[in-house]
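[1] missing the sequence, but the structure's below:
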């Protein structure tokens, strides 16, 4: 490799020029870390100029630092054309009608094996071209509501989504699928469970942990399972539909108020917390795991209530937390605070005066537990009783994120803190349960003999 690359403003471009190769060149690359074969991909807007990205033959992408490159040989070109061949989505009057609402990201995509490009799919024709199995399930139509990363989802998008779902139910749509990024999907599923009351049809949230250019992508199968649920299931609730195990066996349907993302990259990242999932779904069937769900109906007796108070915060307690954290919320006009406390619902004594100040300023404060599993039990120890005496209200076994969105929803309806308390502590869609079942808390500890023996008996 020429040393001149250091003189380029764009070192990666300089290396490509040195070796007379371009984006979309199929190359063999020698580096100080070994040889690589793949296609040179365009650089994203946020990537740095000191790496060249290759799509390897196995479908994965790798970034090669330019100062490690010893040689590049072009073996061909595979220039991409960013267009998915569309096929008209077939209509069958005997099949149910499902609406797919897009909120951002790529709900499905097609990998062009000739070029290595990943092409997003969203229109019915594109989805049919990418995932033709959908046509065997339903008549599918789509609408893109907005395009945001899931971390940018908030009250504006939640309200828009709930209102659009209401319009779809009024039109007689048989089931609704919401394409959503996975990072905050459990926040959205929870708030929709409150904003949409008594839905007569399934409302299914779905996403993907791994994009379609990866051999282990879960995008297409998640979409098939979600659409099947929306079209055929008799569970008329807000649900999250994602991989059950890490393998391509089945999906789980999680109740929208009891689900949480639990791993940054596993395909089986979503788990029902403190309870069991609603059902299992595969390509052929939907198998309920419980019977206490709300059933599909033919009426339109539902309510959309999207009022929401944005001045609500969630605070994760940690040792040596100082009162200025909560002081800042008071000073900035916050009306509600959810605390994820330790143990059975505790914080340290230095916070006591500021919690009392919250009470004096009519700020609703609710306690949850950062353990996720289990109940707030503030009568057990003196600390808990003292904190309740300062006006903090235990939120039973509501998950912290669920309590956060429910408190915003409750405060959007009323300023009366007694009314807010009635709303918060009255279970609406399974966010509070009378008890947690014995199999609602299962965390296997790898490495111990009994668990390793069990793992060898099941499919991976």
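    Structure received. Please read all numbers here as calculations on a predicted model, not as lab measurements. Residues are numbered from 1 along each chain as shown.
[2] What residue spans form the domains of this structure?
    3-77, 97-304, 312-425 (automatic domain parsing).
[3] Dump those to a markdown table, plus distance to residue 440.
    In short, each C-beta sits where N, CA and C put it, glycine included. Listed next are the domains of the chain as a markdown table, based on distance: least, CB to CB, whole Å:
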| stretch | distance to residue 440 |
| --- | --- |
| domain 3-77 | 37 |
| domain 97-304 | 5 |
| domain 312-425 | 8 |
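[4] Is residue 74 part of a helix or strand, or is it coil?
    strand (DSSP: H, G, I helix; E, B strand; the rest coil).
[5] Need the contact partners of stretch 346-355.
    Outside stretch 346-355, the residues that touch it by CB atoms under 8 Å, 6 or more residues apart in numbering are 317, 319-323, 326-327, 330, 339, 341, 365, 378, 381, 383-384, 386-387, 390-392.
[6] what pLDDT does residue 60 get?
    Residue 60 is assigned 78 on the pLDDT scale.
[7] Would you list the phi and psi of it?
    Dihedral pair for residue 60: phi -90, psi 150, per degrees, to the nearest 10.
[8] What is the burial count for it?
    A total of 13 residues lie near residue 60 under the criterion other CB atoms under 10 Å.
[9] same check, this time on residue 13
    By other CB under 10 Å, 17 other residues sit near residue 13.
[10] where's it relative to residue 40, distance?
    According to CB to CB, to the nearest Å, residue 13 stands 11 Å off from residue 40.
[11] same check, this time on residue 175
    Applying CB to CB to residue 175 and residue 40 gives a distance of 43 Å.
[12] related to what we said a few turns ago, residue 91: which of the domains of the chain is closest?
    Among the domains of the chain, the nearest to residue 91 by CB to CB is domain 97-304 (5.3 Å).
[13] Give me the distance between the two termini of that closest one.
    Chord length of domain 97-304, first to last residue, is 21 Å (CA to CA, to the nearest Å).
[14] one step back: pick the most buried one from the domains of the chain.
    Most buried of the domains of the chain by mean neighbour count (mean count of other CB atoms under 10 Å) is domain 97-304; its value is a mean of 20.
[15] gap between it and the chain center?
    Centre-to-centre, domain 97-304 and its host chain are 10 Å apart (CA atoms, centre = their mean, to the nearest Å).
[16] Let me see the mean pLDDT of it.
    Averaging pLDDT along domain 97-304 gives 90.
[17] Contacts for stretch 132-143 next, please.
    87, 89-92, 95-102, 122-124, 127-128, 164, 174-175, 223-224, 227-228, 230-232, 283.
[18] thinking again about what came up before, out of the domains of the chain, the one nearest residue 456 is which?
    Among these, domain 97-304 comes nearest to residue 456, with 14.9 Å by CB to CB.
[19] Show me where the stretch 151-300 of the chain has its helices.
    Using DSSP state H, counting those that start in this stretch, the helices found in the stretch 151-300 of the chain span residues 155-171, 185-195, 219-232.
[20] can you list those helices in CSV and add distance to residue 417?
    Below are the helices of the stretch 151-300 of the chain laid out as CSV (distance: least, CB to CB, whole Å):
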stretch, distance to residue 417
helix 155-171, 21
helix 185-195, 18
helix 219-232, 38
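[21] Quick one: closest of the ones you listed to residue 261.
    helix 185-195 (5.8 Å).
[22] tell me what the closest one is packed against?
    On a contact count with 3 or more CB pairs under 8 Å, 6 or more residues apart in numbering; DSSP states H and E, helix 185-195 meets helix 155-171, strand 203-206, strand 238-243, strand 259-261, helix 400-413.
[23] just to revisit the earlier point, list the ones among the contacts of stretch 346-355 that fall in helices.
    Residues of those located in helices (DSSP state H): 326-327, 330, 383-384, 386-387.
[24] JSON lines for those, including distance to residue 78?
    Listed next are those as JSON lines, based on distance: CB to CB, whole Å:
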{"residue": "326", "distance to residue 78": "57"}
{"residue": "327", "distance to residue 78": "59"}
{"residue": "330", "distance to residue 78": "59"}
{"residue": "383", "distance to residue 78": "64"}
{"residue": "384", "distance to residue 78": "64"}
{"residue": "386", "distance to residue 78": "68"}
{"residue": "387", "distance to residue 78": "63"}
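[25] what helix or strand is residue 13 on?
    Residue 13 is part of helix 11-18, with elements assigned from DSSP states H and E.
[26] Following element in sequence after that helix, please.
    On the C-terminal side of helix 11-18, the closest following helix or strand by DSSP H and E is strand 25-31.
[27] Give me the contact list for that following strand.
    By CB under 8 Å, 6+ apart, strand 25-31 touches 21, 35-40, 52, 54, 64, 68-78.
[28] tell me the angle of that strand relative to helix 11-18?
    If you take axes from the mean of the first three to the mean of the last three CA atoms, to 10 degrees, strand 25-31 sits at 110 degrees to helix 11-18.
[29] Tell me which helix or strand comes right after strand 25-31.
    Helices and strands here follow DSSP H and E; after strand 25-31, the next one along the chain is strand 34-40.
[30] partner strands of the helix or strand following that next one, parallel or antiparallel?
    Counting by DSSP H and E, the next helix or strand C-terminal to strand 34-40 is strand 51-56. Sheet pairing of strand 51-56 (DSSP bridges) gives strand 34-40 (antiparallel), strand 61-65 (antiparallel).
[31] and strand 51-56, how far from the chain's centre?
    Its chain's average C-alpha position is 28 Å from that of strand 51-56, according to CA atoms, centre = their mean.
[32] With stretch 332-342 instead?
    Put simply, stretch 332-342 sits 23 Å off its chain's centre (CA atoms, centre = their mean).
[33] Start and end of that stretch, how far apart?
    By CA to CA, the extent of stretch 332-342 from end to end equals 26 Å.
[34] Please apply the same query to stretch 429-441.
    With CA to CA as the measure, the first residue of stretch 429-441 is 20 Å from its last.
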